[in-house]
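Asker: Turn this into a model:
(one chain, ligands or ions: 1)
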Amino acid sequence: MASPALISETEQWKDLKQHVSEIQTTHLRDLMNDVDRCQAMIVEQEGIVLDYSRQRVTKETMGKLFKLAEAAHLKEKIEKMYGGEKINSTENRSVLHVALRAAREKEIYSDGKNVVPEVWQVLDKIKDFSEKVRSGAWIGATGKPLKDVVSVGIGGSFLGPLFVHTALQTDPVAAEYAKGRQLRFLANVDPVDVARSIKDLDPETTLVVVVSKTFTTAETMLNARTLREWISSSLGAEAVAKHMVAVSTNLPLVKDFGIDPANAFAFWDWVGGRYSVCSAVGVLPLSLQYGFSVVEKFLEGARSIDNHFYSAPFESNIPVLVGLLSVWNVTFLGYPARAILPYSQALEKFAPHIQQLSMESNGKGVSIDGTPLPFEAGEIDFGEPGTNGQHSFYQLIHQGRVIPCDFIGAVRSQQPIYLKGEVVSNHDELMSNFFAQPDALSYGKNPDELLRDKVPDHLVPHKTFTGNRPSLSLLLPSLSAYDVGQLLAIYEHRIAVQGFVWGINSFDQWGVELGKSLATQVRKQLHASRVDEKPVQGFNFSTTTLLSRFLQERTPYDGTVLPKNVI
Ligand SMILES: O=P(O)(O)OC[C@H]1O[C@H](O)[C@H](O)[C@@H](O)[C@@H]1O
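Answerer: Below you'll find the predicted structure:
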């Protein structure tokens, strides 16, 4: 495929650039009057409705975006990903998270080898192990069943599983399976997070799952050693075998840590950390909490979107559509941020997961072959569930900066409530806002309307809403494990689409390395100063000043200290 080094050099890109000025003359208020246009911008897939009519696009814009996708060889890039080609070129790795949720009989190859049997081998092992733990067949060192799980991991080994756990905990089916059990996460190396994660837990009835792709991440390894100490100081060193298991691609290091390799759950270097929730990273802790059958539904949901993404024409392909719209918003209209606004408390941890997925994947400054990008790629993702966000940062979204919004809602609530005599049920109250906000953003309210409403002259500028603020709405049938899997896969693929079009590598993350290596120097200094009273040296003036100030507080390193409230 002979293509220019940068997508921005193509005719299709230049055409879209020119088209921006045409869009600048439109207002969503007018675009929304065109019913034909709106009809063309509502797409349905297995009960999921995507409405992108409130994006600042015309049918013509969409045509041009599809042409851009062609120029970027989007279809071929998707096929290469599914075909196991090493599209993560800076790490020489395939990108095969779709294989993690493939049907048992499917064949997906990496390095000439069908990886699906290995995937199912691990899934079967998780099913077997989680059933043993849940049924009490696997018991702790003192003979008690393990009813609580602490999953230790950070970044991709934390955020996805946390999102799914949070989404499932109020789903009636999943909640039934989770009765009497707790799943907690320990991510931050802050000792406060250790204290919180084990508060009121008893080592006798707790299973610790250490989750780390590399098994070298400083935070995770210190937290794992801390919980190993928490277990062995109370139950003896031999208890670790019954109370600690691991998920990693680095099985030799798991063994060195002292975890029986028989209790290690593998995954592979073709799974990126932030794309790993469907591997043992998420499937093990979630199966321990909810049972494998619930988690399997989540995998099936993701698989349904994998199939849709692979085969649907771009015009009705949800991940492609939302990905192209983000490219349009970020790079052509110049909106640097995106708000993720789920109208569901169950999706409370969705935005934090998307932050890593999107910003670590697409926060890049060079193209896949290393050429500096002459345009902005990636976006700043943030969000909160509605309606909480409405009482917080929506002011800025309505009258301040323009931030394209994703409104996500569900037709059915996980936990319906209706009070006799109330105007609407509680879910309908919530969803009234889901339907109202996108129109408020797109239509706005102009001075004429305000004057008709008898708003005093001096308040008119303050009460004016310019409107013309883009959003899209994603309405899911419900938030069962299956739907949650679909939602995850829509965003995973959307982010890949953006990266494919921008021509960057969405699957490496070199930008996290520099800070880590500087922390190594600081760690050495802190040790030298605390243990050998060595002065601070080798740092710039500012860092030396702060480090010296920090070291004034004497914290002797003599003897193990664990959080007070849990010993
Ligand atoms: O799973 P681990 O190897 O412990 O990595 C945990 C996380 O840390 C790294 O620094 C990366 O930024 C993340 O992509 C990764 O998910």
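Asker: ok, residue 263 - contacts?
Answerer: Residue 263 is in contact with 129, 241, 244-246, counting by C-beta atoms under 8 Å, 6 or more residues apart in numbering. Bear in mind the C-beta positions are built from the backbone N, C-alpha and C, glycine included.
Asker: how about 7 Å then?
Answerer: If you count contacts by C-beta atoms under 7 Å, 6 or more residues apart in numbering, residue 263 has them with residue 245.
Asker: pLDDT wise, what is the spatially closest residue to residue 74 that is not a sequence neighbour at?
Answerer: Distances taken as C-beta to C-beta, 6 or more residues apart in numbering place residue 500 nearest to residue 74, at 5.3 Å, with adjacent residues excluded. Residue 500 carries a pLDDT value of 98.
Asker: Spell out which parts of the stretch 51-200 of the chain neighbour the ligand.
Answerer: Residues of the stretch 51-200 of the chain lying near the ligand by C-beta under 6 Å from any ligand atom: 154-157.
Asker: Spatially, which two of those residues are the most separated?
Answerer: 154 and 156 (8.3 Å; C-beta to C-beta).
Asker: who has more neighbours, the two?
Answerer: Neighbour count, other C-beta atoms under 10 Å: between residue 154 and residue 156, residue 156 has more, with 26 against 21.
Asker: Measure how buried the residue nearest to that one when sequence neighbours are not counted is and give me the count.
Answerer: In space, and not counting its chain neighbours, residue 156 is closest to residue 273: 2.8 Å by C-beta to C-beta, 6+ apart. Using other C-beta under 10 Å, residue 273 is surrounded by 26 other residues.
Asker: In contact with residue 273, which residues?
Answerer: Contacts of residue 273 by C-beta under 7 Å, 6+ apart are 155-157, 213.
Asker: Flag every buried residue along stretch 395-406.
Answerer: Under the neighbour-count criterion of 16 or more other C-beta atoms under 10 Å, stretch 395-406 has 397-398, 402-406 buried.
Asker: Look up how far residue 317 lies from residue 311.
Answerer: Distance, residue 311 to residue 317, by C-beta to C-beta, to the nearest Å: 9 Å.
Asker: Indicate the residue of the stretch 301-450 of the chain located nearest to the ligand.
Answerer: Among the residues of the stretch 301-450 of the chain, residue 360 lies nearest to the ligand; the distance is 5.7 Å by C-beta to the nearest ligand atom.
Asker: Need the contact partners of the helix or strand containing that residue.
Answerer: Residue 360 belongs to helix 350-362 when assigned by DSSP states H and E. Helix 350-362 is contacted by residues 155-156, 159-160, 163, 274, 340, 342, 377-379, 381-384, 491-492, 495, 498-499, 504, 506-507, 509 when judged by C-beta under 7 Å, 6+ apart.
Asker: same thing with stretch 227-244?
Answerer: Against stretch 227-244 from outside (C-beta under 7 Å, 6+ apart): 140-142, 150, 152, 198, 203-204, 206-208, 210, 258-260, 560, 562.
Asker: And the next helix or strand past the helix or strand that contains residue 133?
Answerer: Take DSSP H and E as the rule and residue 133 turns out to sit in helix 116-135. Next helix or strand after helix 116-135 toward the C-terminus (DSSP H and E): strand 148-152.
Asker: In the sheet, which strands lie alongside that following strand, parallel or antiparallel?
Answerer: The pairing partners recorded for strand 148-152 under DSSP bridges are strand 182-186 (parallel), strand 206-211 (parallel).
Asker: for these, which one sits closest to residue 530?
Answerer: Closest among the strands paired with strand 148-152, once you apply C-beta to C-beta, is strand 182-186, at 24.2 Å.
Asker: just checking, what packs against the helix or strand following the closest one?
Answerer: Using DSSP H and E, the helix or strand that directly follows strand 182-186 along the chain is helix 191-198. Using 3 or more C-beta pairs under 7 Å, 6 or more residues apart in numbering; DSSP states H and E as the contact test, the elements touching helix 191-198 are strand 182-186, helix 218-235.
Asker: Could you give me the buried positions within helix 191-198?
Answerer: 193-194, 196-198.
Asker: what mean pLDDT does it have?
Answerer: Helix 191-198 shows a mean pLDDT of 96.
Asker: Send me stretch 199-211 as PDB with only the CA atoms.
Answerer: The C-alpha trace of stretch 199-211 is given here as PDB (Å, rounded to 0.1, in the frame of the first residue of the first chain):
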ATOM      1  CA  LYS A 199      -9.600  -2.300  55.900                       C
ATOM      2  CA  ASP A 200     -11.800  -4.800  57.800                       C
ATOM      3  CA  LEU A 201     -10.500  -7.700  55.700                       C
ATOM      4  CA  ASP A 202      -9.200 -10.800  57.400                       C
ATOM      5  CA  PRO A 203      -6.100 -12.400  55.800                       C
ATOM      6  CA  GLU A 204      -7.600 -15.800  56.700                       C
ATOM      7  CA  THR A 205     -10.500 -15.200  54.300                       C
ATOM      8  CA  THR A 206      -8.800 -13.100  51.600                       C
ATOM      9  CA  LEU A 207      -7.300 -14.000  48.300                       C
ATOM     10  CA  VAL A 208      -4.800 -11.600  46.800                       C
ATOM     11  CA  VAL A 209      -4.500 -11.500  43.000                       C
ATOM     12  CA  VAL A 210      -1.400  -9.800  41.800                       C
ATOM     13  CA  VAL A 211      -2.000  -8.400  38.300                       C
END
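Asker: Give me the contact list for it.
Answerer: 133, 140, 142, 144-153, 157, 220, 224, 227, 230-231, 234-235, 243-247, 259, 281, 284-285, 288, 565-566.
Asker: PyMOL command for the buried members of those residues?
Answerer: Per 16+ other C-beta under 10 Å, the buried members of those correspond to this PyMOL selection:
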select buried, resi 133+140+145+146+147+148+149+150+151+152+153+157+220+224+227+230+231+234+235+243+244+245+246+247+259+281+284+285+288+566
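Asker: Tell me if the helix or strand containing residue 256 is near the ligand.
Answerer: Here residue 256 sits within helix 251-257, counting by DSSP H and E. No - shown here: helix 251-257 not in contact with the ligand (C-beta under 6 Å from any ligand atom), separated by at least 10.3 Å.
Asker: That helix: how far from the chain's middle?
Answerer: 28 Å (C-alpha atoms, centre = their mean, to the nearest Å).
Asker: what's next to it, contact-wise?
Answerer: Here helix 251-257 makes contact (C-beta under 7 Å, 6+ apart) with 215-216, 224, 246, 248, 261, 264, 266.
Asker: and the gap between the one residue in the stretch 201-350 of the chain that gets nearest to the ligand and residue 237?
Answerer: The nearest approach of the stretch 201-350 of the chain to the ligand comes at residue 273, 2.7 Å away (C-beta to the nearest ligand atom). Separation of residue 273 from residue 237 (C-beta to C-beta): 30 Å.
Asker: contacting residues for residue 376?
Answerer: 330-331, 336.
Asker: Reformat those residues as TSV; add pLDDT.
Answerer: Below are the contacts of residue 376 laid out as TSV (pLDDT from 0 to 100):
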residue	pLDDT
330	98
331	98
336	97
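Asker: All the helices of the stretch 451-567 of the chain, residue numbers only.
Answerer: Listed in chain order, the helices found in the stretch 451-567 of the chain under DSSP state H, counting those that start in this stretch are 460-463, 481-502, 513-532, 541-551.
Asker: between the helices and strands packed on helix 191-198, which one is nearest to residue 11?
Answerer: Smallest distance to residue 11 across the helices and strands packed on helix 191-198 (C-beta to C-beta): 47.3 Å, for helix 218-235.
Asker: Name the next helix or strand downstream of that closest one, please.
Answerer: For helix 218-235, the following helix or strand on the C-terminal side (DSSP H and E) is helix 240-243.
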